[in-house]
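>>> just to be clear, the model below is a prediction. Sequence and coordinates:
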Amino acid sequence: MPDQEFFREIEHREVPWGDRKVYVPLFYQEVESLAALFSASTTAVRSLLPSERIHPIPVSRQRCLVAISAHEFRTCDIGPYNEVGISVPFTLDKRSSIVGTWLGRSRGESMGYIHQLPVTTEIARDLGVELAGYPKFLARIEYEEDDRWRTCRLAEDGQHILTLAGRKLETHAAARFRHHSFTTRNGMLLRSELIISERKVSASRKPRDVRLKLGPHPIARQLASLDIGRPVGFSHTPSYQIILTPVLEGLPA
């Protein structure tokens, strides 16, 4: 069992939900993740966003960041499940400087608008949709790895959406991190917070260390329409823990 020091002294309240009970906040005791940043057309990405308050992080004058991540939640309050996130890193209300400066300033926290969030269990889908407006749907998410690569394949109803693979590299220590996750519902931007434990991370900005393959699924075609370009950054986190809050704030979109 992973060390529980990260969750110590935090109120973990059991609350009714339908015919069962869940915990608030949600504890994720054992997680492994791949995450990659890609450049994309800013004009195309803006067409996906629900609010002019959301400003994608620029890579250049006409390009911005899109994030694709793959998570294996091996142990958590609602049981094990897998998840893939397609999101847009952003700043709220005022434009960011170019990505290099943004990376320097975002040490310790970041914000992302969640565009798609497929998962592998009904409770993960239903709880996320109902409580926070997460754009979740059921999908098949499978992992495989060898000595050099870890690979995630995402499909729905037998139709390939994407495959994300990352090279296994030497890890280094990373400090605690906070990610502000934004969704939208009924004209409001909803903010939840993920508190991410200290951990060991491998990271690279070399395009050769990450691979992305898109399938024929409509979500893959939409990603292709964003003119997804070369990788800007990649990370692999073999083991860490998360505290996920309920919605903490609602902002007019």
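Arrived safely.
>>> show me what His180 is bridged to.
Met111, Glu193 (DSSP bridges).
>>> got the phi and psi for Leu117?
With angles defined as degrees, to the nearest 10, Leu117 sits at phi -150, psi 70.
>>> contacts only, for it.
The neighbours of Leu117, taking CB atoms under 8 Å, 6 or more residues apart in numbering as the test, are 83-86, 128, 134-136. All C-beta spots, glycine's among them, are computed from the backbone N, C-alpha and C.
>>> the stretch 151-253 of the chain: helices as residue ranges?
218-225 (DSSP state H, counting those that start in this stretch).
>>> at which residues are the strands of it located?
159-167, 172-174, 177-185, 188-196, 199-204, 210-214, 231-244, 249-252 (DSSP state E, counting those that start in this stretch).
>>> those: which one's closest to Ala220?
Evaluated over the strands of the stretch 151-253 of the chain, closeness to Ala220 peaks at strand 210-214, with 4.1 Å, by CB to CB.
>>> which residue sits closest to Ser110, ignoring its sequence neighbours?
The shortest distance from Ser110 to any residue other than its chain neighbours is 5.3 Å, reached at His179 (CB to CB, 6 or more residues apart in numbering).
>>> does that neighbour touch Arg191 like I think?
No - with contact defined as CB atoms under 8 Å, His179 does not reach Arg191; the gap is 10.6 Å.
>>> just the pLDDT at the residue nearest to Ser110, thanks.
pLDDT for His179: 96.
>>> lowest confidence element among the helices and strands of this structure?
helix 99-105 (a mean of 50; mean pLDDT, DSSP states H and E).
>>> for stretch 46-66, the distance to its chain's centre please.
Relative to its chain's centre, stretch 46-66 lies at 17 Å (CA atoms, centre = their mean, to the nearest Å).
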